[in-house]
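Chemist: What shape does this take:
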Amino acid sequence: MQRIWREEGLKVTPKATNRSRTGSSDTDPKRLEAEHQNHVFVIDYQDHQTATGRRLRYLNIIDEFTREVLVVEVARSITADKTVEVLEKLVETRGLSPDLIRSDNGAELTSHAP
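Modeler: I've put the predicted structure just below:
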């Protein structure tokens, strides 16, 4: 395939190489699993657009053990303060706070909120 591309004068992109992981994890994999209800909450954000091109943002909070969707907050913009407010309201209604909150390391959760 590369030969044909070269003969036609097309650019041949180099094959991507896999990067090896240099770090190691000392955390026991069993410790990362949810053991009971309200043990681990998972937080994630999703972005969508309306037909008119306006942005919609979803804040999803899920109980990892039961896979129950606890909150789906929809707004044009969700700030760190709004995320904290939603979590506080969730803890108030459920009566228990989670032991752990799991999230991806996205930019959404990087803030200097007090």
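Chemist: From now on I want contacts and neighbour counts done on CA atoms only, so please keep to that.
Modeler: Noted.
Chemist: just the strands in the chain please.
Modeler: Using DSSP state E, the strands of the chain run over residues 40-49, 55-63, 68-75, 100-103.
Chemist: looking at the ones you listed, which one has the lowest mean pLDDT?
Modeler: The minimum mean pLDDT among the strands of the chain belongs to strand 100-103 (a mean of 86).
Chemist: any idea how far that one is from the chain center?
Modeler: Distance of strand 100-103 from its chain centroid, counting by Cα atoms, centre = their mean, to the nearest Å, is 10 Å.
Chemist: In the chain, where's the longest helix?
Modeler: If you go by DSSP state H, the chain has its longest helix at helix 80-94.
Chemist: before we move on, the earlier item: deepest in the core, which of the strands of the chain is it.
Modeler: Burial of the strands of the chain is given as mean neighbour count (mean count of other Cα atoms under 10 Å); strand 55-63 ranks first at a mean of 18.
Chemist: Give me the packing partners of that strand, helices and strands only.
Modeler: Applying 3 or more Cα pairs under 8 Å, 6 or more residues apart in numbering; DSSP states H and E, one finds that strand 55-63 contacts strand 40-49, strand 68-75.
Chemist: Would you mind writing the CA trace of that strand as PDB?
Modeler: Extracted C-alpha coordinates of strand 55-63, given in PDB (Å, rounded to 0.1, in the frame of the first residue of the first chain):
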ATOM      1  CA  ARG A  55     -23.800  24.100  23.400                       C
ATOM      2  CA  LEU A  56     -25.400  21.900  26.100                       C
ATOM      3  CA  ARG A  57     -23.400  20.400  29.000                       C
ATOM      4  CA  TYR A  58     -24.400  17.400  31.000                       C
ATOM      5  CA  LEU A  59     -23.100  16.500  34.500                       C
ATOM      6  CA  ASN A  60     -23.600  12.800  35.200                       C
ATOM      7  CA  ILE A  61     -23.200  11.300  38.600                       C
ATOM      8  CA  ILE A  62     -23.500   7.500  38.900                       C
ATOM      9  CA  ASP A  63     -23.300   5.100  41.900                       C
END
